[in-house]
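Chemist: Just need the structure, nothing else, for what follows:
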Amino acid sequence: MAYARPNALRTCWRQPSPEAKGPSHRITDISSPDGGAVLAQQAVTGDSRPMGPLTGIRIIEIAGIGPAPYCAMVLADLGAQVIRIDRPRHSGLGLATPAHLELLNRGRPSIAVDLKQPAAVETILRLLDGADGLIEGMRPGVMERLGLGPDICLARFPKLVYGRVTGWGQDGPLSSTAGHDINYIAVAGALGAIGRPGERPVPPLNLIGDYGGGAMYLAVGMLAAILSARTTGVGQVVDAAMVDGAAQLMTIFTALAAAGRWPGQRGDNLLDGGAPFYDTYETQDGRFVAVGAIEPKFYAQLIQGLGFDAADLPAQYDRSQWPTLRARFAAIFRARTRDAWTTVFGGTDACVSPVLDRDEVSSDPHIAARQTLIEIDGLAQPAPAPRFSHTVPGRPTPPVADGADSRTVLRNAGFTPQEVDALIAARVVYEASP
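Modeler: Sure, this is the predicted structure:
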C-alpha cells in the first residue's frame, strides 16, 4: 500500500445516517453559507441549535498554553459554549504562532482583556454570570493576585466549577516552580520508563503530561464537578496537576511490577520495546513497521506472515531468547519495503502496522474512511473526538485572532454600547487589529 501526500482533504467530516432526522443530527459544513461560523458563534449569538453532547454548557477560559487551551478545545469541539479571555499582548510563554495556526484555539470566540487593569475584575465577573465553569492554567496564586481567585468567583457564583491545571498542582514543595511536560513526567516516573536499555530516557512528545495527564484530567474533572453542581447546587475547585495525572496513567505498570511481570530495566519489558513482538522494525526502504503481537494467537499470524516455521523459533515468552528472536525479525523485515509488509499483513490479526509520517496520515485508508482528519479553512487537522450517535458535534471553526470578538462578547453579556466603548477606550478591553 503506497501512501501519497495529498495537499487537500475531503470537505465533509461526517454524514448522518439516512434515517437520522431532527436538528441534533445536523452536520455543520464549512462550505455552506452559515456553517463556517456556527460552532464558535454559539457563545456569541446565543444560537441554541444542538451541536454536540455538551450543548448548553458555558465555559469561560482564561487563555494559557498547553493543557488549558487543549481542554477548552475538547469541550468546545463537543458543543460547549467556550469564550476565550486573551491577553492584549503575547505573554512570552509557549511558542508564538500566527493566530490562524493556533489550532488549540479553534471553535471559540475571543475577547482580549488586560487582567492587570482594576476594571478587568468586574468585567470578567460579569462574563462569568451564568457560566458553568472557568478554566485557568496560571501558576498557583496568580489568579488570586489578579482578584479573580476561586474564593471571589465562588462567593459570587456558588455553582461555578473553577478548573485549574498546572504542572505541580496547587500545593506541595514544587507548586510555585516553573516546569514543562518533561519535568512533570520525570517526577511522576513516566519518563524514566521510556527508552532503550542502557540509554537515556526519550521524551514522548508532550503527550503524557500536558495533554493526557493535564488537559484530559481537567476535562473529566470539570464535567464531573458540573454534574455535581447541577445536582447539589454547590460548585468547587478542580485541581488538575499534570504530575498527578501522569502518575495515574502509570497505574498499569505499577500493577505489572507488583505482580513480577515488569522485571527489567527501561526498554527491557513487555510493552516498552523490550519484547521482540512489541517493537518497531526498519524495512528495506528505511521506513518502519510497528509490531504488537502480544497474544499467542496474534503472534502465530505474525510468524506465518513473516514466513517462519514456529518450530524453528524460540518460544515467544522465553525472555532469554528475545535477543535471538529480535535479530531474526529484524533481518526478515529488512528484506521488504514498509508498504510491501503492509500488504502482506493487510486484513490479518498479526498486529502489524506501517509507521506513518505525519504528512502520510491523511492517505491511510482507515483514517480517510473515518474522516479522522478534516480540513478547516484550508488546513488539515484532527476532527472532534470521540464520536456520538445522536448529539453529533458540528465542524469546529478556525481559530480567531486575540480580541476578534471583543465587542460582540461584551454586548451578548449585557454590556451597553457605552460600557463597551468605555472599556475599549480605557484599554481594559482590546480589539484585534484589522
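Chemist: Only C-alpha atoms from now on, for both contacts and neighbour counts.
Modeler: Noted.
Chemist: So, low pLDDT: which residues of the stretch 1-150 of the chain?
Modeler: For the stretch 1-150 of the chain, the stretches flagged by pLDDT under 70 are 1-50, 90-95.
Chemist: Now do the helices in it.
Modeler: For the stretch 1-150 of the chain, the helices defined by DSSP state H, counting those that start in this stretch occupy 38-45, 67-77, 118-128, 142-145, 150-156.
Chemist: can you list these in JSON lines and add mean neighbour count and distance to Ser433?
Modeler: Shown next, in JSON lines, are the helices of the stretch 1-150 of the chain (neighbours: other C-alpha atoms under 10 Å; distance: least, C-alpha to C-alpha, whole Å):
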{"stretch": "helix 38-45", "mean neighbour count": "24", "distance to Ser433": "19"}
{"stretch": "helix 67-77", "mean neighbour count": "27", "distance to Ser433": "22"}
{"stretch": "helix 118-128", "mean neighbour count": "17", "distance to Ser433": "20"}
{"stretch": "helix 142-145", "mean neighbour count": "13", "distance to Ser433": "27"}
{"stretch": "helix 150-156", "mean neighbour count": "16", "distance to Ser433": "31"}
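Chemist: of these, which approaches His390 most closely?
Modeler: Among those, helix 67-77 comes nearest to His390, with 15.0 Å by C-alpha to C-alpha.
Chemist: and the closest one, what does it pack onto?
Modeler: strand 58-62, strand 81-86, strand 133-136, helix 216-232 (3 or more C-alpha pairs under 8 Å, 6 or more residues apart in numbering; DSSP states H and E).
Chemist: So which of the ones you listed is nearest Leu191?
Modeler: That would be helix 216-232 among those, by C-alpha to C-alpha, at 18.7 Å.
Chemist: Burial-wise, tell me which of the helices and strands packed on helix 67-77 comes out on top.
Modeler: Looking across these with neighbours counted as mean count of other C-alpha atoms under 10 Å, the highest average goes to strand 81-86: a mean of 28.
Chemist: quick one: strands adjacent to that strand?
Modeler: Sheet pairing for strand 81-86, assigned by DSSP bridges, gives strand 58-62 (parallel), strand 110-113 (parallel).
Chemist: for the stretch 251-400 of the chain, what spans make up the strands?
Modeler: Using DSSP state E, counting those that start in this stretch, the strands of the stretch 251-400 of the chain run over 278-282, 288-292, 352-354, 373-376, 379-382.
Chemist: Same list, these, but as a markdown table with distance to Pro263 please.
Modeler: Formatted as a markdown table, the strands of the stretch 251-400 of the chain follow (distance: least, C-alpha to C-alpha, whole Å):
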| stretch | distance to Pro263 |
| --- | --- |
| strand 278-282 | 16 |
| strand 288-292 | 20 |
| strand 352-354 | 26 |
| strand 373-376 | 39 |
| strand 379-382 | 37 |
